[in-house]
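[1] give me a 3D structure for the following:
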Amino acid sequence: MTEVTAHSGLLRTVKVHVDDSGGPGRPVLLIHGWPLSGESWSEQVGALQAAGYRTVAYDRRGFGRSDKPRGGYDYDTLADDLAAVTDELDLRDVTLVGFSMGGGEVARYVTRHGQERLHSVVFAAAVPPYLAQTDDNPDGPLDDETANGMESGLKSDRDAFFDQFTTQFFSAGDELKVTEQQRQEAVALCHQSDQRAALACMESFGTTDFRGDLPAITVPTLVLHGDADGVVPLEGSGARTHAAVPHSEIVVLDGAPHGCNVSHASEFNQALLGFLRSA
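    Purely as a prediction, here's the structure:
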């Protein structure tokens, strides 16, 4: 475990908590979803380490064990935090794996920091290219009513919201695809988030347009998505990201909900490791 200092403004620094397995293997950097932490990758870390990869996961600012500043929750700053991790740990030939909100950091990192350090990237159940449903983005899967309902729900009753959200997160239709213990572990991670950070990041992932970022990606790219994702639907996100990055591969997990890295961990890990070996 280590702390990486990310700079936010001339006089502000933010410490980002990092778990780094070390070792000589090619590095894989895991960027978690909202409103969880790096601990949400528990089903992947062991598999990656067993396959010989140096595995790094960090907690986004405002979440988990990282500092919880008042601001800096826009994607430009969050991508700069990601760059601070890669730079301070001197990660080279690294694969970035962005889950859900974390996919936005991957896309924005490429346009802000380039691909010199990158071997490949993975968008897992990720929010790009653009969630918001607008006049110029009619295929965006997040309409105003849903976005406003999420915001008001989190503001009015945090406990009830996280209980409902994690149920949807891990459900395909009305069927919960993980154990209740696994869902409760996710609830506990949600409660580690700062309320201000959770609300600001909700706005960021819901309203940030990555359509201009995706064409800049030239390294090998995997899109990994469940076809029963009710939070970030495949048709509005993963399928469009695959189309926007012409050289990308796509693996669709049959019957998998949003939290597919836990509910379908074996299939998820198989696809991820296969891509890491071949790309």
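[2] got any ranges where the stretch 101-250 of the chain has weak pLDDT?
    Along the stretch 101-250 of the chain, no part satisfies pLDDT under 70.
[3] helices of that one, start to end?
    Applying DSSP state H, counting those that start in this stretch to the stretch 101-250 of the chain gives helices spanning 102-113, 144-156, 158-169, 180-190, 195-207, 238-244.
[4] which strands and helices sit next to the second one?
    Using 3 or more C-beta pairs under 8 Å, 6 or more residues apart in numbering; DSSP states H and E as the contact criterion, the secondary-structure elements in contact with helix 144-156 are helix 158-169, helix 195-207. Quick note: C-beta positions are derived from backbone N, CA and C, even for glycine.
[5] return the most buried member of the helices of the stretch 101-250 of the chain.
    Between the helices of the stretch 101-250 of the chain, helix 102-113 has the highest mean count of neighbours, a mean of 25, where neighbours are mean count of other C-beta atoms under 10 Å.
[6] now for that helix, which elements pack on it?
    Using 3+ C-beta pairs under 8 Å, 6+ apart, helix 102-113 sits against strand 27-31, helix 75-88, strand 94-99, strand 118-124.
[7] so how many other residues sit close to the nearest residue to residue 218 once chain neighbours are set aside?
    Counting by C-beta to C-beta, 6 or more residues apart in numbering, residue 218 lies nearest to residue 115, which is 6.5 Å off, once chain neighbours are set aside. If you count neighbours by other C-beta atoms under 10 Å, residue 115 ends up with 16.
[8] dump the residue contacts of residue 223.
    122, 123, 126, 238, 239, 241, 242, 245, 248, 249, 250, 251 (C-beta atoms under 8 Å, 6 or more residues apart in numbering).
[9] which strand residues bridge the second one?
    Legend: beta-bridge partners of residue 123 under DSSP bridges are residue 98, residue 223.
[10] got the contact list for it?
    Taking C-beta under 8 Å, 6+ apart as the definition, contacts of residue 123 comprise 98, 103, 106, 107, 221, 222, 223, 224, 225, 238, 241.
[11] thinking again about what came up before, quick one: closest of the helices of the stretch 101-250 of the chain to residue 69.
    When the helices of the stretch 101-250 of the chain are compared by C-beta to C-beta, helix 195-207 sits nearest residue 69, at 8.1 Å.
[12] and the contacts of that closest one?
    With C-beta under 8 Å, 6+ apart as the criterion, helix 195-207 contacts 34-35, 60-63, 68, 70-71, 73-75, 78, 100-101, 104, 127, 131-132, 142, 147, 150-151, 154-155, 158.
[13] could you find the closest non-adjacent residue to residue 154?
    residue 161 (4.8 Å).
[14] any idea which of the contacts of residue 123 is closest to residue 25?
    residue 222 (18.5 Å).
[15] what is the neighbour count of that closest one?
    24.
[16] quick one: it from residue 13, how far?
    In this view, residue 222 and residue 13 are 33 Å apart by C-beta to C-beta, to the nearest Å.
[17] repeat that for residue 185.
    31 Å.
[18] same question, residue 134
    In terms of C-beta to C-beta, residue 134 sits 35 Å off from residue 13.
[19] equivalent analysis for residue 220, please.
    Counting by C-beta to C-beta, the gap from residue 220 to residue 13 is 34 Å.
[20] go on, residue 47?
    34 Å.
[21] of the two, who's got more company?
    Remark: of residue 47 and residue 13, residue 47 carries more neighbours, 17 against 12, as counted by other C-beta under 10 Å.
[22] surely the more buried one touches residue 273?
    Yes: in this structure residue 47 lies within contact range of residue 273 using C-beta atoms under 8 Å: 6.8 Å.
[23] list the contacts for residue 244?
    128, 129, 211, 214, 215.
[24] in space, what's closest to residue 256 - neighbours in sequence excluded?
    With C-beta to C-beta, 6+ apart, the residue lying closest to residue 256 is residue 226, at 2.8 Å.
[25] hmm, that neighbour is touching residue 261, no?
    No: taking C-beta under 8 Å as the definition, residue 226 is not a contact partner of residue 261, at 9.6 Å.
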